[in-house]
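Asks: With the input below, show me the fold.
(one chain, ligands or ions: 1)
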Amino acid sequence: MIPEHYAVIGSPIRHSLSPFIHACFAEQYGWLPDYGRIECAPGQFEQTVCAFMQNGGRGLNVTLPFKHEAFSLATTVQPAARQAGAANVLCLAADTVCCDNTDGAGLVQDLTVNLGIDLKDQRIMLIGAGGAASGIIHPLCKAGVREIVLVNRTLERAEALAQSADHLQAVPIQAASREACDGIINASSAGLQGKPPGLQLPPGLRWGYELAYGRGAQPFMAQLRTAGIRANDGLGMLAEQAALSFNIWHDHYPETATVTARLRARIG
Ligand code: ATR
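Replies: The predicted model follows:
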């Protein structure tokens, strides 16, 4: 019998923390880690996945820039992936490729369970209108959020995204400071360019969350802290989406708090 394999696929993938996270999870059950990283060239996604399957690959986490391709490749699509229009998990079997999306559920798990934020009836500002923002809208709504105020550097993209679900409203980024909100989430990629997302914070904020972690999280976290607002980075979400993926593949739900602490120690 060919041994089963798991991996994360993306480009660039060298710095992915997923192999470390999944090794921590395997350790909890006394299993030997079998989770690698696959660097995939543009245009090679489908054939790389097929080759992985033929060599015993049973599960993949998918990261940038292949989340939409993973969704398109799947023969079976779970509801969270359908709602996001993108997938970060693939389950591979002889004749099926099933896709799912655990990013949004991972965020909600981190916000509600780890950080103790009750999302029910909250009004939340969401910055960004790309794939990262669209992927978390439905899980936030499912968690009971009352309204999501979308702001984006390019207003038209926020307005288009606002059509995708109920309880969404797009406002110009210059008007952000006039919209009272309970929480704010940065799903823009400004931090990866070393910048905050370029808005004045709304009044009433009790918490802020930056989907990025490490250096990319710092500009927005600094803006929040300067304003005296509780600031959280996306490291908890990273661990939670991985735990949900692990559960999909292995039907075991690993403990995440110690893993997140180990991640934090690792990235400094
Ligand atoms: P992802 O899939 O990671 O969301 P994306 O689809 O390229 O990536 O979207 C990036 C998001 O970050 C967009 O909302 C983008 O704003 P525009 O729609 O105006 O391009 C936002 N973004 C990128 N750089 C930014 C910056 N320096 N300031 C503010 N927003 C920025």
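
Asks: Now for the residue in the stretch 101-250 of the chain positioned nearest to the ligand: which residues touch it?
Replies: Residue nearest to the ligand within the stretch 101-250 of the chain (C-beta to the nearest ligand atom): Gly130, separated by 2.1 Å. Quick note: C-beta positions are derived from backbone N, CA and C, even for glycine. Each residue near Gly130 by C-beta atoms under 8 Å, 6 or more residues apart in numbering is listed here: 157, 187-189.

Asks: Next: Ile13.
Replies: When contacts are counted by C-beta under 8 Å, 6+ apart, Ile13 touches 37-40, 63.

Asks: please redo it, this time with the cut-off set to 7 Å
Replies: Shown in contact with Ile13 (C-beta atoms under 7 Å, 6 or more residues apart in numbering): 37-39.

Asks: out of those residues, who's nearest Ala86?
Replies: Ile38 (18.1 Å; C-beta to C-beta).

Asks: The closest one against Tyr6, yeah?
Replies: No. Ile38 lies out of contact with Tyr6 (C-beta atoms under 7 Å); the separation is 10.6 Å.

Asks: Tell me which of those two has more neighbours.
Replies: In this view Ile38 and Tyr6 are compared by other C-beta atoms under 10 Å, and Tyr6 has more residues nearby, 24 against 18.

Asks: Am I right that the more buried one sits in a strand?
Replies: Yes. Counting by DSSP: H, G, I helix; E, B strand; the rest coil, Tyr6 falls inside a strand.

Asks: Who are the contact partners of it?
Replies: 22, 34-35, 58-59, 249 are the contacts of Tyr6 under C-beta under 7 Å, 6+ apart.

Asks: try it again with 10 Å
Replies: Going by C-beta atoms under 10 Å, 6 or more residues apart in numbering, Tyr6 touches 18-19, 22, 26, 33-36, 52, 56-61, 92, 245-246, 249-250.

Asks: try Gly208
Replies: Taking C-beta under 10 Å, 6+ apart, we find Gly208 in contact with 125, 127, 181, 183-186, 201, 220-221, 223-225, 227, 229-233.

Asks: Same question for Thr76.
Replies: With C-beta under 10 Å, 6+ apart as the criterion, the residues that contact Thr76 are 91, 93, 96-100.

Asks: quick one: low-confidence ranges for the protein?
Replies: Counting by pLDDT under 70, the ranges of the chain that qualify are 1-3.
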